[in-house]
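In: Sequence first, then the predicted structure, then my questions.
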Amino acid sequence: MMTPTHAITGMFVLFILNSIVPEMFPFSGLLIILSLIFPMLPDLDGLWVEKMKDHHQTFTHAPLFWLGLSIILYLFVPIWIPILLLAQLAGHFIGDYLAGFSAGIAWLYPFNKKETSLFPLKKEMGDFPIFAKTKEDKEKRKKFNQEYYKQKKLLTIELISGLLGIVFFVIGLIN
Ligand SMILES: [Zn+2]
């Protein structure tokens, strides 16, 4: 799933939390900003991972890392922060699982590095550096994008996720 989609879908996750515990998760400016930032955190690994296809083989895409971090956070900050963090990250990982193209989610990373996804992964498509510099790599990136935009199922999932975020953001603001 694409990083902007993760951020927008964060509004849907905030809406769910708000429906369950409204006093803990109000649709306030702070909660909205955090709900846009938290679901993008796993994709920070794009800054240092060399190849597109490997960018989910890192601690930022490891649910166990965030679970551990949240337990530590729980000791020092108000409980709503680790709950919001975990809920937003769960949204990210589910999104990547549902709309994985060249990378899926290794739920038990680093203990089990096998990536899973709803649809078969096309690892070979992501065999280029995220920051492509050479002509050959740029060509591969172009092919990757062209191929991705042909994946109707993945695009539908991206679209539905984005729409859920926008619709429930508006509903949350009105209520
Ligand atoms: Zn991701």
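Out: Yes, it's here.
In: from here on, contacts and neighbour counts on C-alpha atoms
Out: OK.
In: So what touches the helix or strand of the chain with the lowest mean pLDDT?
Out: Per-element confidence for the chain was summarised using mean pLDDT, DSSP states H and E. The lowest value among helices and strands belongs to helix 135-148, with a mean of 91. Outside helix 135-148, the residues within contact range by Cα atoms under 8 Å, 6 or more residues apart in numbering are 101, 125-129, 132, 154.
In: Which members of these come out as buried by neighbour count?
Out: 101, 125-129, 132, 154 (16 or more other Cα atoms under 10 Å).
In: Quick check: phi and psi on the closest residue to L44 other than its chain neighbours?
Out: Nearest non-adjacent residue to L44, counting by Cα to Cα, 6 or more residues apart in numbering: T60, 7.2 Å away. Reported as degrees, to the nearest 10, the phi and psi values for T60 are phi -70, psi -20.
In: Next: K51.
Out: Listed backbone geometry of K51 is phi -110, psi 150, with angles given as degrees, to the nearest 10.
In: Wait, it touches F128, no?
Out: Yes - because the distance of 5.3 Å satisfies Cα atoms under 8 Å, K51 is recorded as touching F128.
In: in which helix or strand would I find I157?
Out: Using DSSP states H and E, I157 falls within helix 152-174.
In: buried sites along that helix?
Out: Taking 16+ other Cα under 10 Å as the basis for neighbour counts, the residues of helix 152-174 that come out buried are 154, 157-158, 161-166, 168-169, 172.
In: For that helix, name the packing helices and strands.
Out: Packed against helix 152-174, as judged by 3 or more Cα pairs under 8 Å, 6 or more residues apart in numbering; DSSP states H and E, are the following elements: helix 3-20.
In: other SSEs contacting the helix it packs on?
Out: In this structure, helix 3-20 packs against helix 29-37, helix 80-98, helix 152-174, with contacts taken as 3+ Cα pairs under 8 Å, 6+ apart.
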